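In: can you look at this prediction? I've put the sequence above it.
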Amino acid sequence: MHVLTVLAMCFTFILAHQVSAAAACACLCKAWDQGVSEKLEKTHTNNWAVLVDTSRFWFNYRHVANVLSMYRSVKRLGIPDSQIILMVADDMACNPRNPRPATVFNNAHQHINVYGEDVEVDYRGYEVTVENFVRLLTGRLAPSTPRSKRLLTDDGSNILIYMTGHGGDGFLKFQDSEEITNVELADAFEQMWQKKRYNEILFIIDTCQAASMYEHFYSPNILAIASSLVGEDSLSHHVDPAIGVYIIDRFTYYALEFLERVTPDSKKTLAQFLQVCPKRVCISTVGVRRDLYKRDPSRVLVTEFFGSVRNVELTSHILDLPHCGGPRQVAINKSIHTGSTKSKKQLHYANQLPIHHS
Amino acid sequence: MVMDPLASRYALTSRPIHHKKEAMRQVPTEPGYDVTLTLMVPEPHRTKIDWDARDAVKDYLSPVVKQLESVSKMTVRSQVLYMTGLSVSPQWSKAHQHYALPENQLPLTINAIEAKLGSFVWTRPSLHFVVYIPREKQLPLHIHAADGSPLPSNSFLVPRWGGVMIHNVPLPPPNATLPHPVTLDSHWIMSTVLTHLHRLLPIPSLREVEGVETIAEEDSPLLTSWQVDGLARARVSAYLSNIRITLQSLCELVGEISNMVISDEVGGWVWGAVEEWGECGRATREGRLRDATLYCTRSFTQADAAFFHPSMLALLYFPDNQKYAIYVPLFLPVSIPVLLSLKMVFGLCRKSRTKEKKE
């Protein structure tokens, strides 16, 4: 038994080494390339998005509109709801001050209702706290947390993290009562990296002095985009006179203009996305941190983070298995099945309004 | 098609690209998986599908699942999804007399149905195998490869997720009563499911060698012992490195925060994980793969439970530099007059003592 095991081990190892031989490589590559996506550099298998709005109160309507617009783009490009974590700190659609209840618009001309019919908010209201956010990222949630509130990523997941709200030099304000610092965020990402919970992260932040939030990152494969540098304020785009508040921020407005033209099979690259808000329209300078990201953004498609384009492999041949369960068995099963239908009792509607006579 | 379960180990080094592709296809090594068979019937009012999934699973899938129980646990479920279709737009191909679904439309097909497959019910990783009955106006539907030729298997694999196959049914005759009953080819469906499962787990297979003919086992879909062993070996190897990384990371985290409280539960898990990891290594060296898998699974579960315990959050503990930042501005201004007055008190004491000495 022992000798056989050793022989089997040697056999497998020899096989494994031979696989990397050139001849094997050629025939294998030919077999595998049949139907495999052409972008060999793509290294992810699924896409997740974490969209966070950290401000409450009616005058921060624009932050909710920002995050819901991103949610809508990401969903339109294919990421399913089960892989989007949406954290919205306040409810604008059902706010008593909303003159158009159950809607949230990101444009004064009310082109698109970004609240929509099927928005799924995972963390709402007072559940959006720094602790919950860091627990979500590192995975240290209470065992009773439902699956929709967990970030179940693996080492093949590309995660888009979008944060918006009020920020300052080195911190982001949550709910007007607490802050998350750039060091805590960097540590959370490092914990994620060590447990192999992401393949690549695209981190977008639209707040004042946003670039300070990515200063302390030290984990690999993170591309960070900030709407303003340290010392600059991110400005909002326009006010809706009917509502009376600013309804969208500049960086997100132009980012959305770009994303609205992206289709699920588009070939637009991240380098184009990085140029989406030049200084003359954004007024603040968009900051980008590229040193932790090994790939060239001009060769990375936007849909690798915003959409969900899977690698598919066409099955070239199927295993040749013997037929199981012959016709005799099928006949027996069928007769059992018909027997059970005969003995099923007659069903009828229950009394709709059972009235008890006293 | 050779499947190498050790590909994920090779992919970590700079080996050829196909090892990375293979590592990306294989499901991550976890103690248990949920396998869901989904039959999608977009028009149940026109076709009544007669497929006994329970029997098909019992005949084809259950033996393999039982055989692999010592290596990886799998729970098999099946469901039928009505009134849901894949949003594809095939073109009528005159040459082949069927609707052709080009390969470039395939990557986006499963996004729309992902939410409906019910994978949010459990936290174990899930593998989905979808059997799709095309809509009547798209029958017969065939997948076309990049060169335009129809694919005989009519199915595709999505790495780390599962597989989709298209099962064409005959069109109902013009005056038939609706819904038209149709029986599915269970053998073909389960062969495709098992092919995909073999590629996802992955179950090692033989390389084609010149002049050597491989004879398949005739009587059952069971795997050979060397295949089970190969899979077990790869999984144990992955477990050993994962557990080491988890425990090392946990140590670093605890080392950084000196006042982190580690509960007895977590401590017990860490000790258990380390012991079982050692046992697993010993068992592997001696070639006892079943025992090694058992030890490694237990160790992995305990290490993960310790790592992801809610109390291990760094945020809950006051880091030392923040202690200085908060307490120094609080106490420094107050302490200045206190220290000055203490100095004055000492000066007075000394003066009174020298006065006493003089007197």
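Out: Great, that's in hand. Residues are numbered from 1 along each chain as shown, chains lettered A, B, ... in the order given.
In: name the element the nearest residue to A:Ala188 once chain neighbours are set aside belongs to?
Out: Take A:Ala188 and drop its neighbours on the chain: the residue closest to it by CB to CB, 6 or more residues apart in numbering or on different chains is A:Leu137, 4.5 Å away. All C-beta atoms are positioned from the backbone trio N, CA, C, and that covers glycine. According to DSSP states H and E, A:Leu137 maps onto helix A:130-138.
In: the helix or strand just after that helix vs chain B: in contact?
Out: Once helix A:130-138 ends, the next helix or strand along the chain (criterion: DSSP H and E) is strand A:157-164. No. Contact of strand A:157-164 with chain B is not found when judged by CB under 8 Å from any CB of the partner chain; the minimum separation is 9.7 Å.
In: adjacent strands (with direction) for the helix or strand just after strand A:157-164?
Out: Per DSSP H and E, the first helix or strand lying C-terminal to strand A:157-164 is strand A:167-168. In the sheet, strand A:167-168 lines up against strand A:171-174 (antiparallel) (DSSP bridges).
In: so what touches the partner strand?
Out: Defining contact as CB atoms under 8 Å, 6 or more residues apart in numbering or on different chains, one finds that strand A:171-174 is touched by A:54-55, A:89, A:128-130, A:133, A:163, A:165-167, A:179-182, A:205, A:207, A:212-213.
In: for that strand, list the C-alpha coordinates in CSV.
Out: This file holds the C-alpha atoms of strand A:171-174, laid out as CSV (Å, rounded to 0.1, in the frame of the first residue of the first chain):
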residue,chain,number,x,y,z
PHE,A,171,-10.0,61.3,7.7
LEU,A,172,-13.5,60.7,6.4
LYS,A,173,-16.4,61.7,8.5
PHE,A,174,-19.1,59.1,9.2
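In: now do the buried residues in the next helix or strand after it.
Out: Per DSSP H and E, the first helix or strand lying C-terminal to strand A:171-174 is strand A:178-181. Neighbour counts over strand A:178-181 (16 or more other CB atoms under 10 Å in any protein chain shown) mark A:Glu179, A:Ile180, A:Thr181 as buried.
In: say whether chain A is contacted by stretch B:28-38.
Out: Yes. Using CB under 8 Å from any CB, stretch B:28-38 comes into contact with chain A via B:Pro28.
In: now do that stretch: distance to the chain's middle.
Out: Computed by CA atoms, centre = their mean, to the nearest Å, the chain-centroid distance of stretch B:28-38 equals 7 Å.
In: for stretch B:113-122, same thing?
Out: 15 Å.
In: now do stretch B:233-248
Out: With CA atoms, centre = their mean, you get 15 Å for stretch B:233-248.
In: what's in contact with it?
Out: Under the criterion CB under 8 Å, 6+ apart, residues A:9, A:12, A:194-196, B:5-6, B:8-9, B:29, B:71-72, B:204, B:270, B:273-274, B:277, B:280-281, B:284, B:289, B:292-293, B:296-297, B:299-300, B:303-304, B:307 lie in contact with stretch B:233-248.
In: give me the subset of the residues you listed lying in helices.
Out: A:9, A:12, A:194, B:8-9, B:270, B:273-274, B:277, B:280-281, B:284, B:289, B:292-293, B:296-297, B:299-300, B:303-304, B:307 (DSSP state H).
In: one step back: residues touching the residue nearest to A:Ala188, list them.
Out: By CB under 8 Å, 6+ apart, the residues touching A:Leu137 are A:Val50, A:Leu151, A:Ala188, A:Phe189, A:Gln191, A:Met192.
In: now do the contacts for the first one.
Out: So the one you mean is A:Val50. Residues counted as contacts of A:Val50 (CB under 8 Å, 6+ apart) are A:Ile84, A:Ile85, A:Met87, A:Leu136, A:Leu137, A:Leu151, A:Ile159, A:Leu160, A:Ile161, A:Tyr162.
In: tabulate those residues (a markdown table), appending pLDDT.
Out: Listed next are those as a markdown table, based on pLDDT from 0 to 100:
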| residue | pLDDT |
| --- | --- |
| A:Ile84 | 95 |
| A:Ile85 | 96 |
| A:Met87 | 96 |
| A:Leu136 | 95 |
| A:Leu137 | 95 |
| A:Leu151 | 93 |
| A:Ile159 | 96 |
| A:Leu160 | 97 |
| A:Ile161 | 97 |
| A:Tyr162 | 97 |
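In: just give me the closest of these to B:Pro170.
Out: A:Ile84 (40.3 Å; CB to CB).
In: in stretch B:287-306, what counts as buried?
Out: In stretch B:287-306, the ones that count as buried by 16+ other CB under 10 Å are B:287-289, B:291-306.
In: now narrow the residues you listed to whatever sits close to chain A.
Out: Okay, of these touching chain A (CB under 8 Å from any CB), that's B:Gly287, B:Leu289.
In: quick revisit: the contacts of stretch B:233-248, buried ones only, as a PyMOL selection?
Out: In PyMOL, this line selects whichever of the contacts of stretch B:233-248 come out buried by 16+ other CB under 10 Å:
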select buried, (chain A and resi 9+12+194+195+196) or (chain B and resi 5+6+8+9+29+71+72+204+270+273+274+277+280+281+284+289+292+293+296+297+299+300+303+304+307)
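In: what's the spacing between the spatially closest residue to A:Glu178 that is not a sequence neighbour and A:Arg289?
Out: Counting by CB to CB, 6+ apart, A:Val130 is the residue found nearest to A:Glu178 once chain neighbours are left out, at 5.3 Å. Distance of A:Val130 to A:Arg289, given as CB to CB, to the nearest Å: 22 Å.
In: so for the two, which sits in the more crowded spot?
Out: Ranked by neighbour count (other CB atoms under 10 Å in any protein chain shown), A:Val130 and A:Arg289 place A:Val130 first, with 21 against 17.
In: for the more buried one, give me its contacts.
Out: A:Phe174, A:Glu178, A:Glu179, A:Ile180, A:Glu184, B:Leu315.
In: export the residues you listed as JSON lines, with columns for distance to B:Val130 and pLDDT.
Out: Below are these laid out as JSON lines (distance: CB to CB, whole Å; pLDDT from 0 to 100):
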{"residue": "A:Phe174", "distance to B:Val130": "41", "pLDDT": "94"}
{"residue": "A:Glu178", "distance to B:Val130": "44", "pLDDT": "92"}
{"residue": "A:Glu179", "distance to B:Val130": "46", "pLDDT": "92"}
{"residue": "A:Ile180", "distance to B:Val130": "40", "pLDDT": "93"}
{"residue": "A:Glu184", "distance to B:Val130": "41", "pLDDT": "91"}
{"residue": "B:Leu315", "distance to B:Val130": "41", "pLDDT": "75"}
